[in-house]
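Visitor: give me coordinates for this.
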Amino acid sequence: MLTLSIHSRKYLSGKSCCFSIKAHINYPYLVLWLAAFEYVFSFWGVSKVNTRNYRQTPTIACKITGGAPSAISVIEISGRGAAGWIERNWSPANGPKELKIDSIRYGSLGIDSEVGESVIVCRTSQDCFELHCHGGRLAAQTILLLMEKSGITIATQEAWCHENHDDSWISQATLALIDAKTLRTTRILLDQQKGASVRALNQIESAIFHGDMPLAEQLVDDLRVWNELGLHLTEPYEILLCGPPNVGKSSLLNRLLGYQRAIVHEQAGTTRDLLSEESSIDGWPVRIKDSAGLRTATDAIEQAGVERAILASRSADLQLILVDPAQGWTIEHQQLLDLNPKKSLIVETKSDLPIQKHIRYSELVDTQFQTHRVSAISGEGIQELLEIISSRLVPRVPQAGQAVLINPIQQQALEDRFCDRTTSR
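Guide: The predicted structure follows:
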């Protein structure tokens with residue numbers, strides 16, 4: 001049985017025609033039949049004849065879950081040899097060995113006596129199976145390696161996404177979804193994988209086609225609002241903890257992470273390089289960096305750390321300028337504020353200690369900056385600080401189903417595809 005999926009070229013509105021034909025074709029005549037189909041349908045604007053479901057396709061395997069350690073990893077195996085490989089190497093815990101389509105069975109995988117791995121097998125189609133194994137890297141890597149030794153082609157996740165999705169934007173969303181780090185970003189990416197951004201582009205295309213330029217421009221602007229968020233659905237926001245020495249940067253880093261990541265010592269210059277760790281705040285992925293204290297360095301190593309702190313300040317998505325009330329606002333604080341004023345948050349530390357001196361707001365260039373008091377020791381103000389950070393990084397949260405362009409390629413495509421057309425009419 002040969003299944004042909006016929007996809008026509010997209011119309012100006014972005015819509016396309018798709019239908020399937022099933023026919024019994026003997027293998028010797030397969031090439032002739034495919035050539036005939038492509039010739040006939042070319043007059044109708046057909047752009048692709050997809051024969052992926054044919055039983056003579058090569059056997060391919062791919063790990064379709066992310067690279068981070070997790071409870072479960074999933075490997076897909078498909079093609080003409082998939083069923084035979086499962087038959088030879090998988091044994092059910094109980095019941096018959098036959099695997100029906102859409103059935104989910106528990107058993108063990110044993111290959112050449114090298115692997116004895118408990119797996120759940122799901123048969124998703126006639127020649128496609130999912131293997132759910134332990135989530136550690138070693139389990140999936142070992143299974144894939146032994147599959148490769150059996151002659152199975154191991155595909156990259158990018159190639160797998162391209163093969164399974166005709167639309168490149170859906171493919172990109174699927175690839176990003178594999179690397180999603182939090183539930184909140186996963187939901188947004190899942191909306192894109194289900195076609196939210198593609199539908200938004202089609203709406204803009206339709207508005208242009210019908211000459212409704214104000215609507216098209218409004219729809220483009222509505223998409224641009226989410227550009228920064230889209231870039232951080234898989235790439236964490238950069239948060240920099242900065243300030244002079246001994247203002248509590250390392251202590252705050254440890255408190256935000258919930259464990260001892262940085263060495264804390266009263267001696268100035270203890271942190272000499274950027275220390276970074278990934279986490280999440282309110283469901284948004286973040287990379288928090290502890291930097292060397294800004295001051296006149298006493299040696300070349302500390303000076304290099306100070307220079308790196310300055311560079312990190314310029315590029316941070318949000319920098320927390322930490323101020324010790326006993327020291328007050330200094331030249332170093334002002335230098336950091338001037339480097340990145342729009343993405344700065346002033347944090348007054350050590351609120352558990354008796355206040356000797358408040359920050360002198362009159363010394364700030366812009367009096368709109370307010371401070372937030374915290375104690376890394378007692379935890380006072382930490383929860384409120386996390387809420388402020390979340391609102392600064394993501395001022396608006398998209399509703400379910402909102403279209404978001406998830407990478408620079410998509411965002412540039414929006415500008416290239418529509419903006420010249422909206423301004424030229």
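Visitor: all strands of the stretch 251-400 of the chain, in order?
Guide: Remark: strands assigned in the stretch 251-400 of the chain by DSSP state E, counting those that start in this stretch are 275-281, 284-290, 318-323, 344-348, 371-373.
Visitor: can you check the stretch 101-250 of the chain too?
Guide: Per DSSP E, counting those that start in this stretch, the stretch 101-250 of the chain carries strands over the ranges 104-111, 115-125, 128-134, 153-154, 237-242.
Visitor: I figured residue 227 was touching residue 410, is that so?
Guide: No - using C-beta atoms under 8 Å, residue 227 is not in contact with residue 410, being 9.4 Å away. From N, CA and C alone the C-beta is placed, and that goes for glycine too.
Visitor: who has more neighbours out of these two?
Guide: Counted by other C-beta atoms under 10 Å, residue 227 and residue 410 do not tie: residue 410 has more neighbours, with 20 against 15.
Visitor: tell me where the model's unsure across the chain.
Guide: 1-56, 111-115, 259-273, 293-306, 355-369, 419-425 (pLDDT under 70).
Visitor: mean neighbour count, the strands of the stretch 251-400 of the chain: which tops it?
Guide: Among the strands of the stretch 251-400 of the chain, strand 318-323 has the highest mean neighbour count (mean count of other C-beta atoms under 10 Å), at a mean of 25.
Visitor: residues contacting it, please?
Guide: 237-243, 247-249, 252, 313, 329, 333, 336-337, 340, 343-349, 359, 371, 389, 392-393 (C-beta atoms under 8 Å, 6 or more residues apart in numbering).
Visitor: against which helices or strands is the strand or helix carrying residue 73 packed?
Guide: According to DSSP states H and E, residue 73 maps onto strand 72-78. If you count contacts as 3 or more C-beta pairs under 8 Å, 6 or more residues apart in numbering; DSSP states H and E, strand 72-78 packs onto strand 60-63, strand 128-134, helix 137-149.
Visitor: list the contacts of it.
Guide: Counting by C-beta under 8 Å, 6+ apart, 57, 59-65, 85-86, 125, 127-136, 139-140, 143-144, 147, 152, 160 sit against strand 72-78.
Visitor: who are the packing partners of the following helix or strand past that strand?
Guide: The C-terminal neighbour of strand 72-78 among helices and strands, as given by DSSP H and E, is helix 82-89. Under the contact criterion of 3+ C-beta pairs under 8 Å, 6+ apart, helix 82-89 touches strand 104-111, strand 128-134.
Visitor: is it possible to export those to CSV including mean neighbour count and distance to residue 231?
Guide: Shown next, in CSV, are the helices and strands packed on helix 82-89 (neighbours: other C-beta atoms under 10 Å; distance: least, C-beta to C-beta, whole Å):
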stretch, mean neighbour count, distance to residue 231
strand 104-111, 16, 37
strand 128-134, 19, 31
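Visitor: relative to residue 176, which of the ones you listed is closest?
Guide: strand 128-134 (20.3 Å; C-beta to C-beta).
Visitor: before we move on, back to that, which one of the helices and strands packed on strand 72-78 is the most hemmed in?
Guide: strand 60-63 (a mean of 22).
Visitor: partner strands of it, with direction?
Guide: Take DSSP bridges as the rule and strand 60-63 pairs in its sheet with strand 72-78 (antiparallel), strand 153-154 (parallel).
Visitor: so which of these is nearest residue 193?
Guide: When these are compared by C-beta to C-beta, strand 72-78 sits nearest residue 193, at 15.6 Å.
Visitor: list the buried ones in the closest one?
Guide: Across strand 72-78, burial judged by 16 or more other C-beta atoms under 10 Å covers 73-78.
Visitor: any idea how far it is from the chain center?
Guide: Computed by C-alpha atoms, centre = their mean, to the nearest Å, the chain-centroid distance of strand 72-78 equals 20 Å.
Visitor: that strand vs helix 137-149, what angle?
Guide: Angle of strand 72-78 versus helix 137-149, following axes from the mean of the first three to the mean of the last three C-alpha atoms, to 10 degrees, is 10 degrees.
Visitor: output strand 72-78 as PDB, nothing but the C-alphas.
Guide: The C-alpha coordinates for strand 72-78 follow below in PDB (Å, rounded to 0.1, in the frame of the first residue of the first chain):
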ATOM      1  CA  ILE A  72      12.000  10.000  30.700                       C
ATOM      2  CA  SER A  73      13.600  10.100  27.300                       C
ATOM      3  CA  VAL A  74      11.700   9.300  24.100                       C
ATOM      4  CA  ILE A  75      13.300   7.700  21.000                       C
ATOM      5  CA  GLU A  76      11.300   7.400  17.800                       C
ATOM      6  CA  ILE A  77      12.100   4.600  15.300                       C
ATOM      7  CA  SER A  78      10.400   4.500  12.000                       C
END
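Visitor: ok and it relative to helix 82-89, angle-wise?
Guide: On the basis of the same axes, to 10 degrees, strand 72-78 is oriented at 120 degrees to helix 82-89.
Visitor: can I assume residue 160 is in contact with residue 128?
Guide: No - using C-beta under 8 Å, residue 160 is not in contact with residue 128, being 11.7 Å away.
Visitor: if I look at the residue lying closest to residue 195 once chain neighbours are set aside, how far off is residue 161?
Guide: Nearest in space to residue 195, with sequence neighbours left out and distances taken as C-beta to C-beta, 6 or more residues apart in numbering, is residue 170 at 6.5 Å. In this structure, residue 170 and residue 161 are 8 Å apart, going by C-beta to C-beta, to the nearest Å.
Visitor: ok, those two, which is more surrounded?
Guide: Taking neighbours as other C-beta under 10 Å, residue 170 and residue 161 compare with residue 161 leading, 23 against 18.
Visitor: quick one: contacts for the more buried one?
Guide: Per C-beta under 8 Å, 6+ apart, neighbours of residue 161: 171-172, 174-175.
Visitor: from these, which is closest to residue 217?
Guide: residue 172 (25.0 Å).
Visitor: contacting residues around residue 148?
Guide: By C-beta under 8 Å, 6+ apart, the neighbours of residue 148 are 61, 154.
Visitor: measure it to residue 178 for me?
Guide: 20 Å.
Visitor: ok, now residue 130?
Guide: Counting by C-beta to C-beta, the gap from residue 130 to residue 178 is 14 Å.
Visitor: same question for residue 220.
Guide: In terms of C-beta to C-beta, residue 220 sits 29 Å off from residue 178.
Visitor: can you check residue 153 too?
Guide: 19 Å.
Visitor: between the two, point out the one with more neighbours.
Guide: Comparing residue 153 with residue 178 by other C-beta under 10 Å, the one with more neighbours is residue 178, at 19 against 13.
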